[in-house]
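Colleague: pasting the structure only:
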Ligand code: SF4
Ligand code: SF4
C-alpha cells in the first residue's frame, strides 16, 4: 500500500519544471477537450530541449510555477481522467520523498495545512 496520500498533498510533483508528454498524451488531451491534435499540442504543450511536448505551466503562489491544469486553490488536478502517462505512474514505488518531508514539516510546525516548499528532489 502507498505510504503517501496525494489528496493531502499540495501537489508538489505538479510543479516539476519539465512534465514531458508523449503523442498519446496529447491525443488524449485533444479528445478530452474536443480539439484536434495540433490545436491541443499548441495550447497545452511547448518544445523544451529534446522534449517535443512539454506541459505548459502557469504561476503558483507556493511553488513558483505549476502545471497549467493544476487547480491552485483546491490543489489538485483538473483533468484527472485525461492526465498524461507520467502523472499516472508517478512516483513509481510505495513512497514519495516529498510527502515524507511534508508530514515531518507539518508535525514540526504543528500545522496540518502547512505547505512545505524548501524541498529538493
Ligand atoms: S508530491 Fe507525492 S504525495 Fe504529492 S501529489 Fe505528488 S506523488 Fe502525491
Ligand atoms: S496533468 Fe494533472 S497530475 Fe499531471 S502535472 Fe498536471 S495537474 Fe498534475
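Modeller: That came through, no problem. As the structure is a computational prediction, the values presented were derived from the model and not from experiment. Numbering: from 1, shown residues only. Ligands and ions are numbered 1, 2, ... in the order given.
Colleague: mind checking how far the closest residue to residue 15 other than its chain neighbours is from ligand 2?
Modeller: Excluding the flanking residues, the one nearest residue 15 by CB to CB, 6 or more residues apart in numbering is residue 63, at 3.6 Å. Backbone N, C-alpha and C define where each C-beta goes, glycine included. Distance of residue 63 to ligand 2, given as CB to the nearest ligand atom, to the nearest Å: 11 Å.
Colleague: residue contacts, residue 63?
Modeller: 10, 12, 15, 117 (CB atoms under 8 Å, 6 or more residues apart in numbering).
Colleague: Out of these, the closest to residue 46 would be?
Modeller: Nearest to residue 46 among those, counting by CB to CB, is residue 15 at 16.6 Å.
Colleague: rewinding a little: filter the contacts of residue 63 down to just the buried residues.
Modeller: 10, 12, 15 (16 or more other CB atoms under 10 Å).
Colleague: Those residues into TSV, with extra columns for distance to residue 102, secondary structure and pLDDT?
Modeller: Shown next, in TSV, are the buried ones among the contacts of residue 63 (distance: CB to CB, whole Å; DSSP: H, G, I helix; E, B strand; the rest coil; pLDDT from 0 to 100):
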residue	distance to residue 102	secondary structure	pLDDT
10	8	coil	97
12	8	helix	97
15	13	helix	97
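Colleague: for the residues you listed, which one is nearest ligand 2?
Modeller: residue 15 (8.3 Å; CB to the nearest ligand atom).
Colleague: how about the residues of the protein near ligand 1?
Modeller: Taking CB under 6 Å from any ligand atom as the criterion, the neighbours of ligand 1 within the chain are 4, 6, 9, 11-13, 90-91, 96, 98-99.
Colleague: By neighbour count, which of those wins?
Modeller: residue 12 (23 neighbours; other CB atoms under 10 Å).
Colleague: That one - nearest residue in space that isn't next to it in sequence?
Modeller: Nearest non-adjacent residue to residue 12 (CB to CB, 6+ apart): residue 98, at 4.4 Å.
Colleague: so for whichever strand or helix holds the one you found, what's the average pLDDT?
Modeller: In this assignment (DSSP states H and E), residue 98 forms part of helix 97-109. Per-residue pLDDT values over helix 97-109 give a mean of 95.
Colleague: Much appreciated, bye for now.
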